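Colleague: Model the structure of this input:
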Amino acid sequence: MLKHEGSSYESGRRHQSWWKWKLDPETVDAILLYAQPGHGRRANLYTDFTFAVWDQGSLVPLAKAYSGLDEATLERLDHWIRRHTKERFGPVRSVTPALVFELAFDSAHPAPRRKAGMALRFPRIHRWREDLSIEDADELETLKVRLLPHG
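Modeller: Presented below is the predicted three-dimensional model:
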């Protein structure tokens, strides 16, 4: 937040003397691995997703994302998930790795307790990459070098 030196705190929108500085998000191309139903009015659709990247020829879960797709795309994706389910774990479905999505996020941090060894801050779906195959998804090692301090 950037604030004019002489401005006082005010409730509500601060468009004159306060300005919120937003940085462009980082992105990663990841593969849809798991899906589970949403909540509330979306409880009948698969809207909560887990995405993975490549790690030495295997897929490793990297992030969960719940937002970023419009209703029509969610319905189309839900239909695909129901036809391509490999396994079920309670409400979670494991799907055939075939779809790539570009995820946007604010930053990445080391997270040794996670399988990928890193965590993404505020991940969200930026777009469905129908122009990419799963072989084109990002490699974990490349992401670590690009995003984490000291690679």
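
Colleague: going forward, measure contacts and count neighbours with C-alpha atoms only.
Modeller: Noted.

Colleague: Which helix or strand lies directly C-terminal to the lengthiest helix in the chain?
Modeller: The single longest helix within the chain, with elements called by DSSP state H, is helix 71-83. Note on helix 71-83: by DSSP states H and E, the next helix or strand toward the C-terminus is strand 85-89.

Colleague: Pull the distance from that next one to the chain's centre.
Modeller: 21 Å (CA atoms, centre = their mean, to the nearest Å).

Colleague: Check which residues of that strand are buried.
Modeller: Thr85 (16 or more other CA atoms under 10 Å).

Colleague: Residues contacting it, please?
Modeller: Under the criterion CA atoms under 8 Å, 6 or more residues apart in numbering, residues 93-96 lie in contact with strand 85-89.

Colleague: I would like a ChimeraX command selecting only the buried ones among the residues you listed, please.
Modeller: To isolate the buried ones among the contacts of strand 85-89 in ChimeraX, judged by 16+ other CA under 10 Å, type:
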select :93,94,95,96
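
Colleague: And the helices in the protein, which stretches?
Modeller: 71-83, 140-147.

Colleague: so which of those gets nearest Trp128?
Modeller: Each of the helices of the chain has some distance to Trp128 by CA to CA; the shortest is helix 71-83, at 8.9 Å.

Colleague: Can I get that closest one in PDB? Just the C-alpha atoms.
Modeller: Extracted in PDB, the C-alpha atoms of helix 71-83 (Å, rounded to 0.1, in the frame of the first residue of the first chain):
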ATOM      1  CA  GLU A  71     -19.400 -21.300 -14.900                       C
ATOM      2  CA  ALA A  72     -19.500 -22.600 -18.500                       C
ATOM      3  CA  THR A  73     -15.900 -23.800 -18.300                       C
ATOM      4  CA  LEU A  74     -16.500 -25.400 -14.800                       C
ATOM      5  CA  GLU A  75     -19.400 -27.400 -16.200                       C
ATOM      6  CA  ARG A  76     -17.400 -28.500 -19.200                       C
ATOM      7  CA  LEU A  77     -14.500 -29.500 -16.900                       C
ATOM      8  CA  ASP A  78     -16.900 -31.300 -14.500                       C
ATOM      9  CA  HIS A  79     -18.200 -33.400 -17.400                       C
ATOM     10  CA  TRP A  80     -14.600 -34.300 -18.400                       C
ATOM     11  CA  ILE A  81     -13.700 -35.200 -14.900                       C
ATOM     12  CA  ARG A  82     -16.700 -37.600 -14.500                       C
ATOM     13  CA  ARG A  83     -15.600 -39.400 -17.800                       C
END
